[in-house]
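Peer 1: sequence unknown, structure follows:
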């Protein structure tokens, strides 16, 4: 019975994330990719299966609060005004408020709320820094940034993957947790090599 409940719970989260991605054709599939990238990082860092399950759900719902952001702002091709950026900056709090309303989703709140914090304390919504940022939020921050850089957006074309990896390396210790950034860069480059060798192997629950 517990397995059936967990399956239904995860399917509900998947449906919510896909509904959110459907708001903008430029970000279609974003939540699922962020989940997959987050899983790669967690695998490389040795995160346990139980903690990983929570990370996976949080990654899928990290942008849930964008449901409350007007489409005109999400799809704007030009640079956002300061007022529009403030609306965007509200989305982690909106997402956290939505999740708090459902008891079984409350464990996901810290990662969703803090995924735009920066390692140097210059992020939002609370401006916390370093290890004060939940590890799941630090992981999602790297995965989210990589997918944003390597995806076409209304205002720019996608970066090549290698250029995005170099950008993550360049921002270690400022925007990103260095350990998380190193884990993602190394596992991504190793994954390409291992796939070419037909030898990539990771636990099934990470996929």
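Peer 2: Perfect, thanks for sending it. Values in this document were obtained by computation on a predicted structure and should not be read as measured data.

Peer 1: where do the helices sit along the protein?
Peer 2: Using DSSP state H, the helices of the chain run over 2-21, 30-45, 49-60, 71-74, 82-89, 91-100, 109-114, 135-149, 161-170, 178-196.

Peer 1: Quick check: residue 184 touching residue 40?
Peer 2: Yes - the pair residue 184 / residue 40 is scored as a contact, 6.7 Å apart, by CB atoms under 8 Å. In short, each C-beta sits where N, CA and C put it, glycine included.

Peer 1: And these two? Which one has more around it.
Peer 2: residue 184 (25 against 21; other CB atoms under 10 Å).

Peer 1: What separation do you get for that one and residue 174?
Peer 2: 16 Å (CB to CB, to the nearest Å).

Peer 1: ditto for residue 103
Peer 2: Distance of residue 103 to residue 174, computed by CB to CB: 37 Å.

Peer 1: ok, now residue 10?
Peer 2: 34 Å.

Peer 1: Can you list the low-confidence ranges for the chain?
Peer 2: 1, 5, 24-28, 153-156, 191-207 (pLDDT under 70).

Peer 1: rerun at 50
Peer 2: Residues of the chain meeting the criterion pLDDT under 50: 192-207.

Peer 1: okay, residue 103 and residue 174: which has more neighbours?
Peer 2: Neighbours per residue, other CB under 10 Å: of residue 103 and residue 174, the larger number sits with residue 174, 12 against 8.

Peer 1: Off-centre distance for stretch 177-195?
Peer 2: Centroid displacement of stretch 177-195 relative to its chain, using CA atoms, centre = their mean, to the nearest Å, is 16 Å.

Peer 1: what does stretch 83-99 give?
Peer 2: Its chain's C-alpha centre and that of stretch 83-99 lie 15 Å apart, by CA atoms, centre = their mean.

Peer 1: buried set for it?
Peer 2: 84, 87-88, 90-96, 98-99 (16 or more other CB atoms under 10 Å).

Peer 1: repeat for stretch 61-77
Peer 2: Neighbour-count burial for stretch 61-77 flags 61-66, 69, 74 (criterion: 16+ other CB under 10 Å).

Peer 1: Alright, I will stop here.
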